[in-house]
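Undergrad: output the structure for:
(chains A and B)
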Amino acid sequence: AQSVAQPEDQVNVAEGNPLTVKCTYSVSGNPYLFWYVQYPNRGLQFLLKYITGDNLVKGSYGFEAEFNKSQTSFHLKKPSALVSDSALYFCAVRDSLLSSGSARQLTFGSGTQLTVLP
Amino acid sequence: DSGVTQTPKHLITATGQRVTLRCSPRSGDLSVYWYQQSLDQGLQFLIQYYNGEERAKGNILERFSAQQFPDLHSELNLSSLELGDSALYFCASSAKEKLANYGYTFGSGTRLTVV
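TA: Sure thing, here's the model as predicted:
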């Protein structure tokens, strides 16, 4: 079974400071990892992904994420936060190892509300 | 505009009633996924269809059902509605060969309020 955990419901950071939103995962094979962002009354928007290759992944709006296999983590980071980054962030995982009847869909974390204070 | 269209955007209905939510996937995408987002349960996977066939089931209640039509649009039917069914219902689509690269494309959701 695949699962993902976002241990923080809420993250507050001052504008201009670096931000980190944490995510850990559990899969049987290798993970496909994603970050999505949700603004109020909107659907989820793709930010970045890790499939294979470099552990540091760069995505939209200056966000990046670091894949750490030994710690089974995929934390989202940004060097300098903007007030407009305030939103709900979701980490998602899918196991690359698929067998009959296993999940083909993404499993999402519970979300982390990021608030960037001016 | 993501390319995934959900209608209606808002729906208010009474307990015990039945509603139908509609989703048109992004052009070329064969897979449709339905998710329920509520404050206490987060984003829960309900069901997936691929090219008209059911592929995977998640935490979908027996009162709920879905189907995908030949033109690839999908409908989620919710019946005998309860107050606890109030939530945002999202549809997402993906192309099989692109799932690993881009994940899903989400619609903007249908906000269901049961009163």
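
Undergrad: going by C-alpha atoms from here, please, whenever you check contacts or count neighbours.
TA: Fine.

Undergrad: and B:S74, what pLDDT?
TA: Per-residue confidence (pLDDT) for B:S74: 97.

Undergrad: do I have it right that it meets B:T20?
TA: No - B:S74 lies out of contact with B:T20 (Cα atoms under 8 Å); the separation is 10.0 Å.

Undergrad: the more surrounded of these two?
TA: Between B:S74 and B:T20, counting by other Cα atoms under 10 Å in any protein chain shown, B:S74 is the more crowded of the two (25 against 15).

Undergrad: which ones are touching A:G16?
TA: By Cα atoms under 8 Å, 6 or more residues apart in numbering or on different chains, A:G16 lies in contact with A:P79, A:S80, A:A81, A:L82.

Undergrad: one more: B:G103?
TA: Counting by Cα under 8 Å, 6+ apart, B:G103 makes contact with A:F34, A:F46, A:L106, B:S94.

Undergrad: please redo it, this time with the cut-off set to 10 Å
TA: Neighbouring residues of B:G103 by Cα atoms under 10 Å, 6 or more residues apart in numbering or on different chains: A:32-36, A:46, A:48-49, A:92-94, A:105-106, B:92-96.

Undergrad: and those, which are buried?
TA: Neighbour counting by 16 or more other Cα atoms under 10 Å in any protein chain shown classes A:32-36, A:46, A:48-49, A:92-94, A:105-106, B:92-95 among these as buried.

Undergrad: in strands, which of those fall?
TA: Among the buried ones among the contacts of B:G103, the ones falling in strands (DSSP state E) are A:32-36, A:46, A:48-49, A:92-94, B:92-94.

Undergrad: ok, of these, which one's closest to B:S108?
TA: B:A92 (9.3 Å; Cα to Cα).

Undergrad: is it correct that that closest one is in contact with B:Q36?
TA: No - the pair formed by B:A92 and B:Q36 falls short of the contact definition of Cα atoms under 10 Å, at 11.2 Å.

Undergrad: overlap of the contact sets of these two?
TA: B:G109.

Undergrad: got the contact list for the residue of chain A found nearest chain B?
TA: Per Cα to the nearest Cα, A:G43 is where chain A lies closest to chain B, at 4.0 Å. A:G43 makes contacts with A:36-37, B:2, B:4, B:88-92, B:105-110, as judged by Cα under 10 Å, 6+ apart.

Undergrad: need the worst-confidence member of those.
TA: Minimum pLDDT across those falls on B:S2, with 81.

Undergrad: so that residue sits against B:S94, correct?
TA: No - using Cα under 10 Å, B:S2 makes no contact with B:S94, being 11.7 Å away.

Undergrad: name the spans of the chain whose pLDDT lies under the cut-off.
TA: All of this refers to chain A. In the predicted model, chain A carries pLDDT under 70 at residues A:97-104.

Undergrad: my question was about chain B
TA: Residue ranges of chain B with pLDDT under 70: B:96-102.

Undergrad: show me which residues of it are close to chain A?
TA: Within chain B, the positions near chain A by Cα under 10 Å from any Cα of the partner chain are B:2, B:4, B:9, B:33, B:37, B:39-45, B:47-48, B:55-58, B:88-92, B:99-111.
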